[in-house]
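> Can you look at this prediction? I've put the sequence above it.
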Amino acid sequence: MMHEIYCLRCPRGCLLQVEMNGDVLISVKGNSCRMGEEFAIQEVNDPRRLFTSLVRVTGGKTPLVPVVTSAPVPRREIFEWAKLCRKLVVRAPVRVEEIVAQNPFGNGIDLVTTWFVEEENVCH
Amino acid sequence: MRYDVVVIGAGPAGMAAAIAAYDEGATVLLLERNSELGGILPQCIHAGFGARRFKKDLPGPLYAYYFVQEIEKRSIDVWLESFVMDISPSRRVTVLSTRGYEEVEARSIVLAMGCRERTRSQLNIPGTHPAGVYTAGTVQRMINREGWMPGKRFVILGSGDIGMIMARRITLEGGEVVRVVEALPYLTGLRRNYVQCLQDFGIPLFLSHTVTRIDGYERVEGVEISPVDENFCADKSKSEWVACDTLLLSVGLIPENELSRRIGVVLDPVIGGPVVDQHGQTSVYGVFAAGNVVHIYDLVDDVSQDGENAGRSAARFARSLAGWQEPSLSVHWRAPIRSVVPQRVFLGEGSEKSLSFFLRVSTPCESSVTLRLKSEKRVFYEKRFPYARPAEMIHVHIEPSPVSHWLQYPPKSLVWEMDYDA
């Protein structure tokens, strides 16, 4: 079985031809460097992406805080992570690099904030 | 009030410029019209920033935060919600803020206002003027900062990086992107964004197609999409009507130079940013420029580096005040090179160390090319590159710098050339 994939390791983006026999890799062609080969093996067996999204904040100056997964997650899990992000709510103030969900899918990957939200000034 | 260096704009270029100027011993004022530091980065929640500087794949906000922390460590004066209205020839900066109207005296100024997006009016798309036509960055702000979805069914015009990244964001937030159309026969953004943002989610890309009509009265009801030839002439006989409620435009960025124009900075006619030398010095004495205000960068790491360079130079200028700007050599280029920055080379003190250029080509070439910098007598730089693409800027670092040679024997012309290898 032949797969045609673009390499994501650098901006050049080589078009790789990956030949597989079931789960066994036979050959990688079209790569200009070693990284391409490593990427092809990873991408065909277990494609992973860094996932970024937003989490709702209450009592903050802005209604949302951006988040990122602490490591690249399996691509098929992405919509699960998106669903989780829509459910979560945190209270302001939120600091940078705070964990908002610890290991939610049991694969050791956390959800971490990437920006801060100050508390809203409340007038009494 | 008096400062050595006043930096206008607190995005990646402005923050880096302020830090570098301060570290060079200058008193620094950083002016920002928004209510927070970071410029556009806090809304760029996707990863892919800082690969070179931090050797990590960082989301935009985190990249900005590292600079915010550096600013906070130093006694740099930061004025938020402060809008620069004018700069006088003697470098008095007029600022309008919540405190009212103020004037600041600057020994040197760094322009770091970034860029703005091209809009529907610059494209002349025919049709009605309903609600639901947005630029990609506006939608990015709505979704990532304000927290609301501007539509349900989207068509995206332009295959720029922001457009593709927004296609992914919209899909993850439950919206539908029916297609991405691009008038050029090739992708204008990075290929890795095509894979991660469109291919991963099965969003179709139509190259050599454009939007030829917008329909709808209260709200966008649909758009007409037609194939185009190499002269961008649409073939209406093959057009297709696509129902959607939102049209998102990702059709390029233009340097934000209202202020530069006001104070008489000479602008590059092709890219719209100030003509600068390798220190970021513009045609106006004591005024420097850095980042996307000069030309549109691909990577934020380069923007920060450019900011540092201009900030350091502005601080040195503030210290000496004399001997800058002249003498300088102008740099020329030939097709297929579209633009070169810097467009001038300053030959004065402190210019001997190293010399960097950023070049962009106008047409893609997937086979190898040779890039050359030469004068009438001599070749100063020559290198082969495996490919050249309009979407990817070519960064050339020349070391040792030929400036000391040019000081002794000033060439009549300096030309960048590119040859296709057979």
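Here it is on my side, so go on.
> Which stretches in chain A count as strands?
Assigned by DSSP state E, the strands in chain A fall at A:2-6, A:15-21, A:24-29, A:48-49, A:52-58, A:64-69, A:73-74, A:89-91, A:99-101, A:111-113.
> Ignore what I typed, I meant the stretch 101-250 of chain B.
Assigned by DSSP state E, counting those that start in this stretch, the stretch 101-250 of chain B shows strands spanning B:115-117, B:133-135, B:153-157, B:176-182, B:205-207, B:209-215, B:222-227, B:240-243, B:246-249.
> Check what pLDDT the residue in the stretch 201-350 of chain B that chain A sits nearest to gets.
Of all residues in the stretch 201-350 of chain B, B:D298 sits closest to chain A, with a separation of 7.7 Å (Cβ to the nearest Cβ). In this view, the C-beta of every residue, glycine as well, is placed from N, C-alpha and C. Per-residue pLDDT puts B:D298 at 88.
> and it, that one's in a strand?
No: residue assignment for B:D298, taken from DSSP: H, G, I helix; E, B strand; the rest coil, gives coil, which places it outside any strand.
> surely it meets B:T188?
No: with contact defined as Cβ atoms under 8 Å, B:D298 does not count as touching B:T188 (11.0 Å).
> Next, count neighbours for B:K56.
Around B:K56 there are 11 other residues, counting by other Cβ atoms under 10 Å in any protein chain shown.
> picking up where we left off before, determine which stretch of the strands of chain A is the most buried.
Comparing the strands of chain A by mean neighbour count (mean count of other Cβ atoms under 10 Å in any protein chain shown), strand A:64-69 ranks first with a mean of 25.
> Could you list the low-pLDDT ranges of the chain?
All of this refers to chain A. Low-confidence regions of chain A, defined by pLDDT under 70, span residues A:11, A:122-124.
> meant chain B actually
Scanning chain B residue by residue, the ranges that satisfy pLDDT under 70 are B:422.
> Tell me which residue lies nearest the centroid of it.
Of all residues in chain B, the one closest to the mean position by Cα atoms, centre = their mean is B:I296, 2.4 Å from it.
> residues touching residue 57, list them.
With no chain named, the answer covers chain A. Neighbouring residues of A:V57 by Cβ atoms under 8 Å, 6 or more residues apart in numbering or on different chains: A:P63, A:L64, A:V65, A:V89, A:V90, A:R91, A:A92, A:V94, A:V117.
> that's the other chain; I wanted chain B
So B:D57 contacts A:L50, B:A47, B:G48, B:F49, B:G50, B:A51 (Cβ under 8 Å, 6+ apart).
> mind running it again at 7 Å?
Taking Cβ atoms under 7 Å, 6 or more residues apart in numbering or on different chains as the criterion, B:D57 is in contact with A:L50, B:A47, B:G48, B:A51.
> how much space is there between the residue lying closest to B:A335 once chain neighbours are set aside and B:L373?
If the residues on either side of it in the chain are set aside, B:A335 comes closest to B:S362, at 6.6 Å by Cβ to Cβ, 6 or more residues apart in numbering or on different chains. Here B:S362 is placed at a distance of 18 Å from B:L373 (Cβ to Cβ, to the nearest Å).
> Neighbour count for the two, which is higher?
Between B:S362 and B:L373, counting by other Cβ under 10 Å, B:L373 is the more crowded of the two (23 against 12).
> how about that one, phi and psi?
Reported as degrees, to the nearest 10, the phi and psi values for B:L373 are phi -110, psi 120.
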